[in-house]
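**Student:** return a 3D structure for these sequence lines:
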Amino acid sequence: MAGVPGIDANTGMMALQQMRAGQPEAMARRLNSPHQPNTSDAAARKTANEFEAMFLSQMLEHMTTGIKTDGPFGGGQGEEMFRSLLNQQYAEMLTKSGGIGIADHVYRQILALQEV
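**Tutor:** Purely as a prediction, here's the structure:
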């Protein structure tokens, strides 16, 4: 349903089928339901955790930018590439171990925007 805010195509099609089948009560429940089939608490939590991991990765990237890697085994383009990957892994591990609290705030905002 392109013109109706908050109603995706699947919900609209199912409501239309229920209306054609003579089930107007089921149609009204589906259209007025605050929960959409594709939105769930688990998906909101996963998105919030991914956002925090991305934020921490960027923060770590800026923190390690000025570190010099001199010596017989340091430097080069390879280290620059792998440092980025290492920062991503650090960020994911920080998030999995509780993070810094950004994911919790983002999660609550996602749920608030969905009016759950």
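
**Student:** state the pLDDT value of residue 5.
**Tutor:** On pLDDT, residue 5 comes in at 50.

**Student:** residue 77: neighbouring residues, count only.
**Tutor:** 7 (other Cβ atoms under 10 Å). Every residue, glycine included, has its C-beta placed from N, CA and C.

**Student:** can you list the helices and strands that the longest helix seen in the chain packs against?
**Tutor:** Assignment by DSSP state H gives helix 41-64 as the longest helix of the chain. The contact analysis (3 or more Cβ pairs under 8 Å, 6 or more residues apart in numbering; DSSP states H and E) places helix 41-64 against helix 77-96, helix 102-114.

**Student:** now the angle between helix 102-114 and it, please.
**Tutor:** Interaxial angle, helix 41-64 versus helix 102-114 (axes from the mean of the first three to the mean of the last three Cα atoms, to 10 degrees): 140 degrees.
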